[in-house]
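*Asks:* this is the structure alone, sequence omitted:
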């Protein structure tokens, strides 16, 4: 139990610093600024406030009210009720990070299962206990690659088809470091294949980062790119949508060194943008350079299976400034949500979700591409997201769609000036045939207009 | 504490044995004892690299700590102990023998004058106790 300071404690502290009252501590703040009058409405009762907030919340339109075709990194998937039922248990929901970790065997076991699931899904050998979200996981991949080469290689190549917000996060993390970020300029040519990155790789290159499916939804096999990176001693990281791995080849089979990704599609609701889940998996040879916590399985002195935090000498509280990263925080509750989701669905269930997304998205794409004035921007294989060239600016189209209770796609012109009138449409198992046909009907109105 | 008289020591607990213009570098018995069970060692310089006195040449992890090993002298790396990565525990059992870390050709032999002899080093570590 937390026991705050008693009056006697406070009096002793005030005596020690030589002042009479707590207010004396604020003497340096001009008096008129000390207790500013707040411009607040008159006080209301709990009942009144509750009703007012309820009314305000009705102005929100969520994916429960709208047909959602917006993705671009966060996807509207079905979350089975069991996910919430399990993560709301007090033992998981209210527990803070286990500072005496081995006492929390249940927590460690779920982290171990999470790591095992993600490693299996990505085709990698080790996985950490997670990072904040997909964007920060990408930044941690850069940290790890730089640490791996100990300053001897400082160049990092970002694919122009990496999520623009991930790129920004990498810049925020590494903006003041020695790291040189190459590629990924939003004005650059984006309709290129991953082979265009190959000439950029040299012996200064620590890491090449690509996305799978890429930001525009395209699926490429990165085996050749990985081989080109390895030929010059560089590493390759692949940022994934984990649902896509239910049906497409995993990055481990392409010889990726690091697999990162946004774990939100695995049983985590959209929730206005967070909390989400940063996936991070790699090969065993890099385990000591990997940031974050790591749970291992062992046997205790009675021969029983037990879980421990392992290889902690990598971590910041021991390595201090020499650690790969100074962030060890994981998204424990969200990692648990994804573990429950993956366990409920299993390998076949995940494949079914992926196939539903794939087929519905291809149905939608074909319908839209047949409308006059609309066309598919790329002919490359895609998963559940694709770019449509439209006869009007995306913002106008999205306004019209919203009038019909449809949340339209992502307006690409906000990140890519060259993609004016281009919209990124995401389709998941949540989109019914009726929703898709309504989307197509409203889009048809624009082309007739 | 085993502190061979023929070696020179640093305040950061490395030892060096000098033969002519070449030296062999490792960490002291005191250092391995402080670290406790060593589970990982990685030499981060390669043959032919030029190092300056104080540069990090290796990283060692025990079950409770991580430590960098610094070069006591400036020079060129002649060879690194390739065995160490596979058997880091030898640093605990034989810090002055099989657990040598690198061999170096000294570029500035006068630097060794500033290093500690066994007596001075023993006094130093006693002051830590």
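*Replies:* Alright, I've got the coordinates. Bear in mind the structure is a predicted one, so any value in this text is a computation, not a measurement. Numbers count the residues shown, from 1 in each chain, chains lettered A, B, ... in the order given.
*Asks:* distance of residue A:138 relative to residue A:158?
*Replies:* When distance is defined by CB to CB, to the nearest Å, residue A:138 is 9 Å away from residue A:158. Every residue, glycine included, has its C-beta placed from N, CA and C.
*Asks:* got any residues that touch both of these two?
*Replies:* Listed as contacting both residue A:138 and residue A:158 by CB atoms under 8 Å, 6 or more residues apart in numbering or on different chains are A:170, A:209.
*Asks:* more neighbours: which of the two?
*Replies:* A side-by-side neighbour count of residue A:138 and residue A:158, using other CB atoms under 10 Å in any protein chain shown, places residue A:138 first with 29 against 25.
*Asks:* all helices for chain B, in order.
*Replies:* Taking DSSP state H as the test, the helices found in chain B are B:29-35, B:90-93, B:118-128.
*Asks:* which parts of the biggest helix by length in chain A are buried?
*Replies:* Taking DSSP H as the criterion, chain A has its longest helix at helix A:332-369. The neighbour-count check on helix A:332-369 (16 or more other CB atoms under 10 Å in any protein chain shown) flags A:332-343, A:345, A:350, A:353-354, A:356-358, A:360-365, A:367-368 as buried.
*Asks:* tell me the buried residues in stretch A:309-318?
*Replies:* For stretch A:309-318, the neighbour count (16+ other CB under 10 Å) marks A:309, A:311-316, A:318 as buried.
*Asks:* cool, and stretch A:111-123?
*Replies:* Using 16+ other CB under 10 Å as the test for burial, stretch A:111-123 gives A:111-115, A:117-123.
*Asks:* what does stretch A:289-305 give?
*Replies:* Neighbour counts over stretch A:289-305 (16+ other CB under 10 Å) mark A:289-295 as buried.
*Asks:* what's the mean pLDDT across the longest helix of chain A?
*Replies:* For helix A:332-369, the mean per-residue pLDDT is 97.
*Asks:* can you check stretch B:25-32 too?
*Replies:* When pLDDT is averaged along stretch B:25-32, the result is 96.
*Asks:* now do the strands in the stretch 201-350 of chain A.
*Replies:* Counting by DSSP state E, counting those that start in this stretch, residue ranges of the strands within the stretch 201-350 of chain A are A:205-212, A:235-240, A:258-262, A:278-282, A:295-299, A:305-309.
*Asks:* residue A:431: which of those is closest?
*Replies:* Residue A:431 sits nearest to strand A:258-262 of all the strands of the stretch 201-350 of chain A, at 19.6 Å, using CB to CB.
*Asks:* now, which of the buried residues of stretch A:289-305 sits nearest residue A:380?
*Replies:* Nearest to residue A:380 among the buried residues of stretch A:289-305, with distances taken as CB to CB, is residue A:290, at 31.9 Å.
*Asks:* that closest one reaches residue A:281, doesn't it?
*Replies:* No. Counting by CB atoms under 8 Å, residue A:290 sits too far from residue A:281 to count as a contact (9.0 Å).
*Asks:* shared neighbours, these two?
*Replies:* Counting by CB under 8 Å, 6+ apart, the residues touching both residue A:290 and residue A:281 are A:126, A:128.
*Asks:* domain ranges for chain A?
*Replies:* As assigned by automatic domain parsing, chain A contains the domains A:67-77+A:347-448, A:81-341.
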